[in-house]
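1. Sequence first, then the predicted structure, then my questions.
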Amino acid sequence: MKKVEEKDELRPEYDLKTLKVRRVGNKRKGFGDLVRLDPDVMQAFPDAKAVNEALHALIAIARRSSLSAS
């Protein structure tokens, strides 16, 4: 059999340092801004801003709780 030569199709402007790779299947992991939410969570938080506000509030509560336990 003859080996088929593959042509490099990457454009010069591609920055391979920021290239993101995702796994396929049940062990896949999101990168960057991608987070998978359960349907009930999506109903409670309609957009990224709402999710971030809730998480920031939770972080503040956890910090206050940690400080008061000391």
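-> Structure's in. What do you need? The model shown is predicted, which means the values in this text are computed figures rather than measured ones. Residues are numbered from 1 along each chain as shown.
2. Now stretch 37-50: average pLDDT?
-> Averaged across stretch 37-50, the pLDDT comes to 89.
3. Grab the longest helix from the chain for me.
-> In the chain, with assignment by DSSP state H, the single longest helix is helix 48-69.
4. Summarise which helices and strands that one is packed against.
-> In terms of contacts (3 or more CB pairs under 8 Å, 6 or more residues apart in numbering; DSSP states H and E), helix 48-69 is not packed against any helix or strand. Backbone N, C-alpha and C define where each C-beta goes, glycine included.
5. Buried residues in it, which are they?
-> Val51 (16 or more other CB atoms under 10 Å).
6. Output that helix as PDB, restricted to C-alpha atoms.
-> Only the C-alpha atoms of helix 48-69 are listed here, as PDB (Å, rounded to 0.1, in the frame of the first residue of the first chain):
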ATOM      1  CA  ALA A  48     -23.700  34.000  32.500                       C
ATOM      2  CA  LYS A  49     -24.000  37.200  34.500                       C
ATOM      3  CA  ALA A  50     -26.700  35.700  36.800                       C
ATOM      4  CA  VAL A  51     -24.500  32.600  37.400                       C
ATOM      5  CA  ASN A  52     -21.400  34.700  38.200                       C
ATOM      6  CA  GLU A  53     -23.400  36.900  40.600                       C
ATOM      7  CA  ALA A  54     -24.600  33.800  42.400                       C
ATOM      8  CA  LEU A  55     -21.200  32.300  42.600                       C
ATOM      9  CA  HIS A  56     -19.600  35.500  43.800                       C
ATOM     10  CA  ALA A  57     -22.300  35.700  46.600                       C
ATOM     11  CA  LEU A  58     -21.600  32.100  47.600                       C
ATOM     12  CA  ILE A  59     -17.800  32.800  47.700                       C
ATOM     13  CA  ALA A  60     -18.400  35.800  50.000                       C
ATOM     14  CA  ILE A  61     -20.700  33.700  52.300                       C
ATOM     15  CA  ALA A  62     -18.100  30.900  52.400                       C
ATOM     16  CA  ARG A  63     -15.300  33.400  53.300                       C
ATOM     17  CA  ARG A  64     -17.400  35.100  56.000                       C
ATOM     18  CA  SER A  65     -18.200  31.700  57.400                       C
ATOM     19  CA  SER A  66     -14.600  30.600  57.400                       C
ATOM     20  CA  LEU A  67     -13.500  33.900  59.200                       C
ATOM     21  CA  SER A  68     -16.200  33.500  61.900                       C
ATOM     22  CA  ALA A  69     -15.200  29.900  62.500                       C
END
